[in-house]
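Undergrad: Would you be able to build a 3D model of this:
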Amino acid sequence: MTGQPEYLPMTVAEAERLGIDQFDVVLITGDAYVDHPSFGTALLGRVLVNAGYSVGIIAQPDWKNDEDLRRLGEPRLFFSVSAGNVDSLVNAFTPNLKRRRSDVYSPAGRLLRPDRATLVYTDRIHALFPKTPIVIGGIEASLRRFAHYDYWSDSVRQSILADAPADLLVFGMGERQVVAVADRLAAGETARALTDIPGTAYRVEKKTWRGIDQSGYVVIPGYPEVKEDRYAYAKAFAMHYTEQDPLRGRPVAQPHPKTVVVQNPPAMPLSSDELDRVYELPYTRRAHPSYSEPIPALEPVRFSVVTHRGCFGACSFCALTHHQGRIIQSRSADSVVREVERMAKMPEFTGVVQDVGGPTANMYGIHCGRWETAGTCSERRCIDCPALDRSHEEQVSLLRRLREIPGVKRVFIASGIRYDLIPGDEEYLAEICAHHVSGHLKVAPEHVSERVCACMGKPPRKAFDAFRERFEVLQEGKKKRQYLVPYLMSGHPGCRITDMVELAEYVRDTGLYTEQVQDFTPTPMSISTTIYHTGLDPFTLEEVYVPRDREKRVQRALMHYRDPENYGLVREGLRAAGRGDLIGSAWKCLVPAKRKKRA
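TA: The predicted model follows:
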């Protein structure tokens, strides 16, 4: 197939208009098809087309209807299956395990995606096309590639490769991997032979595994061990966590009852030129025209721009180390400018670039001289390293160029910034506040308790205090002041009710907003989830306190102590913490005393 179509085809009729008799690859996704680079299916689909392959998309298929899954026929090379941009269970349930009533990745928010979508789709496709290779990927598969604690069933589950009838699992950002798979299958290799592609995991029969020289592999405790023994689980996590680097990482193997799952080292990051090409493919930034209802997830990002990938923040509750990695991969400023120039010509564009950033906006352009030749250091965190070049010059220069583009009125940073990376001088922060913050600047201290911040991998309270004071100085004399919107978290491992009382008092004393509060959700492959399940720090095997059940509800209520509906839980928490002095009508009190019923 040559040239990029306006939209990747979703029907046989569309394929025929493009002269396609049989697709090379069919992508199956749990999301609606939105042709925007923030949606993984659109991005990988266009990358494959750019590599010369024909691609069809089956979006949110009715998994109970065989004809829906057959509608594009059998692909020449392989099926690709993804649950979508978000883990299907995270998408379907709140942190309190209550089922959500809508899905922002579906037309009009309708519920069209099954739980454990990767497994469901893969099972059905394999049953219908048993001889066609299946490659699974996306965040759901990527972060379930080893045995993992599953919060929704409160159990340790096998690697998704041990459960799904797939031939290969792509983890991380998949551009290199999917093209390599297509190239090698097109050259006549079998799916079973694709065992050496970086950024993939595969199965090996136990008999075959016993005959392999295992000296080059890191063999971690197997599924039967990690299921029953919390120390084995913690040890396994620490072992594979250390290998998630594309240059120094080694293959990791984990035995399961019927197979052995092997993860190759991560794929090499894309270069700046390669990233430019990926993000400058001709995305329409619209939903496929077959949809008559809006896709809610599109509007907040329609006119946003991805400037880079990766994050070296090392937050314990985030699994990005296992997905995008710690190495920052930045696009060229020229490429980002060209993308915004194209956006500015769209009739829907109102002059506002909604976001310019990545996992952390101000990591754009930050670099370490070791990354290209030796990878990231295994014994230290990049965020703490004095050798890291923390200059924000590239980001500031880029933002200034974007502001000058004809038709652009405002350029916002909505994805948030890492305040402990901001230079000590006021120039950077002043420029961000003057030009790139609407009314609120998002930051993520998450907590203020010293022990909780340490467990979260977040900087201590004094770092946030210093930043907040600098921010407030910049508000002096403004007619229209700006506000900090901090992301805060309750119920995290290591957090006790006394810590939440400390955080509530901090919110009271500083007047900060508390709308952006989340209860910790144990999602696969994060350090915090390992601690939640085992009660152990996986790197030291020391015991860590873990709040559960009702205490988690009390902790969350303390963050919303102003809400009368939470008064009962807040009083309960204050009494448990020995802080009855915060109940009453005095200025420092968080909640009023309970009114006595009249006789």
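
Undergrad: C-alpha only now, for contacts and for neighbours.
TA: Fine.

Undergrad: Please name the residues that touch the nearest residue to Glu505 once chain neighbours are set aside.
TA: Spatial nearest neighbour of Glu505, excluding adjacent residues (C-alpha to C-alpha, 6 or more residues apart in numbering): Leu590 at 7.8 Å. Taking C-alpha atoms under 8 Å, 6 or more residues apart in numbering as the contact definition, Leu590 lies against Ala504, Glu505, Arg508, Tyr561, Arg562, Leu582, Ile583, Gly584.

Undergrad: For the last one, which residues are in contact?
TA: When contacts are counted by C-alpha under 8 Å, 6+ apart, Gly584 is found next to Leu590, Val591, Pro592, Ala593.

Undergrad: Of these, grab the buried ones for ChimeraX.
TA: Written as a ChimeraX command, the selection of buried residues from the contacts of Gly584, which uses 16 or more other C-alpha atoms under 10 Å, is:
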select :590,591
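
Undergrad: will you turn the contacts of Gly584 into CSV that also has pLDDT?
TA: Formatted as CSV, the contacts of Gly584 follow (pLDDT from 0 to 100):
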residue, pLDDT
Leu590, 95
Val591, 95
Pro592, 95
Ala593, 93
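
Undergrad: can the contacts of Gly584 go into a markdown table with extra columns for distance to Arg70 and secondary structure?
TA: Shown next, in a markdown table, are the contacts of Gly584 (distance: C-alpha to C-alpha, whole Å; DSSP: H, G, I helix; E, B strand; the rest coil):
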| residue | distance to Arg70 | secondary structure |
| --- | --- | --- |
| Leu590 | 59 | coil |
| Val591 | 59 | strand |
| Pro592 | 62 | coil |
| Ala593 | 63 | coil |
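
Undergrad: how about the contacts of Gly584, which pair is most distant?
TA: Pairwise distances across these (C-alpha to C-alpha) peak at 9.7 Å, for the pair Leu590 and Ala593.

Undergrad: Now the common contact residues for these two.
TA: Shared contacts of Leu590 and Ala593, counting by C-alpha under 8 Å, 6+ apart, come down to Ile583, Gly584.

Undergrad: so how far is Tyr506 from the residue nearest to Glu505?
TA: Between Leu590 and Tyr506 the distance is 11 Å, computed by C-alpha to C-alpha, to the nearest Å.

Undergrad: Ala201 too?
TA: The spacing between Ala201 and Tyr506, counted by C-alpha to C-alpha, is 45 Å.

Undergrad: who has more neighbours, the two?
TA: Ranked by neighbour count (other C-alpha atoms under 10 Å), Ala201 and Tyr506 place Ala201 first, with 28 against 15.

Undergrad: so where do the strands sit in the stretch 151-300 of the chain?
TA: Taking DSSP state E, counting those that start in this stretch to define them, one finds strands in the stretch 151-300 of the chain at 155-157, 168-170, 200-204, 218-219, 252-255, 260-263, 286-287.

Undergrad: Columns distance to Asp465 and mean pLDDT on top of the ones you listed, output as CSV?
TA: As requested, the strands of the stretch 151-300 of the chain are exported to CSV (distance: least, C-alpha to C-alpha, whole Å; pLDDT from 0 to 100):
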stretch, distance to Asp465, mean pLDDT
strand 155-157, 39, 98
strand 168-170, 41, 98
strand 200-204, 43, 98
strand 218-219, 42, 98
strand 252-255, 42, 98
strand 260-263, 42, 98
strand 286-287, 41, 97
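
Undergrad: could those strands be laid out in CSV, adding distance to Leu441?
TA: Formatted as CSV, the strands of the stretch 151-300 of the chain follow (distance: least, C-alpha to C-alpha, whole Å):
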stretch, distance to Leu441
strand 155-157, 38
strand 168-170, 35
strand 200-204, 38
strand 218-219, 43
strand 252-255, 41
strand 260-263, 39
strand 286-287, 28
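
Undergrad: looking at the ones you listed, which is closest to Met456?
TA: strand 155-157 (22.4 Å).

Undergrad: can I see the domain layout of the protein?
TA: The chain breaks down into these domains under automatic domain parsing: 12-263, 303-438, 444-599.

Undergrad: Ser271: which of the ones you listed is closest?
TA: Nearest of the domains of the chain (C-alpha to C-alpha): domain 303-438, 6.8 Å.

Undergrad: What strand or helix carries Tyr105?
TA: For Tyr105, there is no helix or strand it lies in under DSSP states H and E.

Undergrad: And the pLDDT at it?
TA: pLDDT recorded at Tyr105 is 97.

Undergrad: same question, Ala319
TA: 88.

Undergrad: same question, Ala387
TA: So, for Ala387, pLDDT stands at 84.

Undergrad: and the gap between the residue lying closest to Arg203 once chain neighbours are set aside and Gly138?
TA: Distance criterion C-alpha to C-alpha, 6+ apart; nearest residue to Arg203, sequence neighbours excluded, is Val261 at 4.7 Å. As judged by C-alpha to C-alpha, Val261 and Gly138 stand 18 Å apart.

Undergrad: give the contact list for Ile328.
TA: His308, Arg309, Gly310, Cys311, Phe312, Met363, Tyr364, Gly365, Ile366, His367.

Undergrad: run the last query once more with 6 Å
TA: Contacts here follow C-alpha atoms under 6 Å, 6 or more residues apart in numbering; on that basis Ile328 touches Arg309, Gly310.

Undergrad: can you pull the pLDDT of it?
TA: On the pLDDT scale, Ile328 gets 93.

Undergrad: Show me where the stretch 351-500 of the chain has its strands.
TA: Counting by DSSP E, counting those that start in this stretch, one finds strands in the stretch 351-500 of the chain at the ranges 352-353, 355-357, 410-411, 440-446, 483-490.

Undergrad: ranking those by burial, who's on top?
TA: strand 355-357 (a mean of 24; mean count of other C-alpha atoms under 10 Å).

Undergrad: Please dump the domains of the chain into TSV; it should also carry distance to Pro5 for every row.
TA: Putting these into TSV (distance: least, C-alpha to C-alpha, whole Å) gives the following:
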stretch	distance to Pro5
domain 12-263	8
domain 303-438	17
domain 444-599	36
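
Undergrad: Give me the contacts around stretch 282-289.
TA: For stretch 282-289, contacts defined as C-alpha under 6 Å, 6+ apart pick out Val34, Asp35, His36, Arg302.

Undergrad: Excluding sequence neighbours, find me the nearest residue to the last one.
TA: Nearest residue to Arg302, sequence neighbours excluded (C-alpha to C-alpha, 6+ apart): Arg285, at 6.0 Å.

Undergrad: Please apply the same query to the first one.
TA: By the measure of C-alpha to C-alpha, 6+ apart, the closest residue to Val34 outside its immediate chain neighbours is Ala287, 4.1 Å from it.

Undergrad: With the third one instead?
TA: The shortest distance from His36 to any non-neighbouring residue, by C-alpha to C-alpha, 6+ apart, is to Arg285 (4.5 Å).

Undergrad: Likewise for Ala162?
TA: With C-alpha to C-alpha, 6+ apart, the residue lying closest to Ala162 is Thr259, at 6.9 Å.

Undergrad: what about the one you found, neighbour count?
TA: 18.

Undergrad: separation between it and Glu225?
TA: Here the criterion is C-alpha to C-alpha. By it, Thr259 lies 15 Å from Glu225.

Undergrad: Next: Pro282.
TA: 48 Å.

Undergrad: again with Pro37
TA: From Pro37 to Glu225 the distance is 40 Å (C-alpha to C-alpha).

Undergrad: Could you check which of the two has the larger neighbour count?
TA: Ranked by neighbour count (other C-alpha under 10 Å), Pro37 and Glu225 place Pro37 first, with 24 against 16.
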